[in-house]
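In: okay, here's the prediction I keep looking at, along with the sequence it came from:
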Amino acid sequence: MVELDSGFIQSIEHRPKPHSIEAQNIPLIDLSPLNSAADSASLSALAAEIGGACRDWGFFQVINHGVPPECREKVESASRKFFGLPETEKKAVCRDAANPFGYYDSEHTKNVRDWKEVFDFAVENPIVFPVWNERGDLELKELFNKWPQSFPQLREACEEHVAEMEKLVFKLLELVALSLGLPEDRFNTFFNNQTTRVRLNHYPPCPAPHLALGLGRHKDTGVLTILAQDDVPGLEVKRKTDGEWILVKPTPGAYIINVGDILQVWSNDEYESVEHRVVVNGEKERFSIPYFLYPAHYTFVEPLHELISEQNPAKFKGYNWGEFRATRNRGNFKRLDVENIQISHFRISTYTSDS
Ligand SMILES: O=C(O)CCC(=O)C(=O)O
Ligand SMILES: [Fe+2]
């Protein structure tokens, strides 16, 4: 990535604004009640706070989350070292059409190339997942992670990171379940044979930050995402109230949590998966590490039956998670002439009296 070729250039309406608006009010939630023997009143209050953040923003940050700072430093430093390796060593673990895991530097979001390089791995190894074969059909395959031989510390740091993220994400999921009036373990069975994935992102300094994006506008496809961003601002969230792009200012030690498409469908639109993107800058590189909580490939994603009624009918038809994600991967991998698959394609259209 030495010069800005035309594949990176965003159409005018999607280019970053010269001055980003900083969010003053993305909720910052203190999870310390989870680390002590909390009474049920403080857990309910915490669940209500998380529910409010999911409803109003689809995004929030957590502090006092119980993840040891050394663990975060270790994975962040391993990620920096990995992206600093010679091109040939990174390319040796390159992603390809048959396996979406490993290193990749030409991802497209909404058919425009992102100014970034990434390394992806799954938390279970191998995972079973559908992949497009040469005949154009989906075929179930075992997919293995690709770790760089020359840098074994990357795998070690990533595995320790995953163990911590897993503890945090299931605590959050219990609170989300409570906030929707469901039993705290309501979601647990979806994660036998989970296909959860972690990504290391590196956004190098960009020669034309006003024309390109580190990551184009998108919604996360999974259940919840936990993001570790470094101290260089870049993440922007589309504010629900007015559609403005708001910069999420880094809070030292915090993790950013966001609602994914699956949680939007499960909650029947109670919580919404919100668009976000990453702006780049001319001087500083930026690193981030999202953990995407995904269920088993065979999960049929549909509104939870407890949350639908005659007054509140299902707003989505169900879809198969593995097929949905495999279809999205195909669009990320190369430039296509069609729009990427979205949950809106599964929305049940309703007719109002004046339509
Ligand atoms: O780098 C970031 O801050 C956000 C990354 C992100 O949204 C993603 O990888 O889906
Ligand atoms: Fe994202």
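Out: That came through, no problem. Ligands and ions are numbered 1, 2, ... in the order given.
In: in the chain, which spans are helices?
Out: Remark: helices assigned in the chain by DSSP state H are 32-35, 40-56, 69-83, 87-91, 152-179, 261-266, 321-333.
In: redo the ones you listed as TSV? Include distance to D185.
Out: In short, each C-beta sits where N, CA and C put it, glycine included. Output for the helices of the chain, formatted as TSV (distance: least, Cβ to Cβ, whole Å):
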stretch	distance to D185
helix 32-35	15
helix 40-56	14
helix 69-83	26
helix 87-91	41
helix 152-179	7
helix 261-266	14
helix 321-333	20
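In: least confident of these, on average?
Out: The weakest mean pLDDT among the helices of the chain belongs to helix 321-333, with a mean of 86.
In: which strands and helices sit next to it?
Out: In terms of contacts (3 or more Cβ pairs under 8 Å, 6 or more residues apart in numbering; DSSP states H and E), helix 321-333 is packed against strand 108-109, strand 127-132, strand 138-143, strand 300-301.
In: ok, which of those strands comes nearest ligand 1?
Out: Smallest distance to ligand 1 across the helices and strands packed on helix 321-333 (Cβ to the nearest ligand atom): 8.8 Å, for strand 108-109.
In: around ligand 1, which positions in the stretch 151-300 of the chain sit nearby?
Out: Selection of the stretch 151-300 of the chain residues close to ligand 1 by Cβ under 6 Å from any ligand atom yields 199, 201, 215, 220, 227, 229, 234-235, 276, 278, 288, 290.
In: ok, now with 5 Å
Out: Within the stretch 151-300 of the chain, the positions adjacent to ligand 1 are 201, 229, 235, 278, 288, 290 by Cβ under 5 Å from any ligand atom.
In: residue contacts, the third one?
Out: Contacts here follow Cβ atoms under 8 Å, 6 or more residues apart in numbering; on that basis L235 touches 227, 229, 247-248, 256, 276-278, 288.
In: dump these into JSON lines; add neighbour count and pLDDT as well.
Out: As requested, those are arranged in JSON lines below (neighbours: other Cβ atoms under 10 Å; pLDDT from 0 to 100):
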{"residue": "L227", "neighbour count": "22", "pLDDT": "98"}
{"residue": "Q229", "neighbour count": "24", "pLDDT": "97"}
{"residue": "L247", "neighbour count": "19", "pLDDT": "92"}
{"residue": "V248", "neighbour count": "22", "pLDDT": "94"}
{"residue": "I256", "neighbour count": "22", "pLDDT": "98"}
{"residue": "H276", "neighbour count": "23", "pLDDT": "98"}
{"residue": "R277", "neighbour count": "22", "pLDDT": "98"}
{"residue": "V278", "neighbour count": "24", "pLDDT": "98"}
{"residue": "S288", "neighbour count": "25", "pLDDT": "98"}
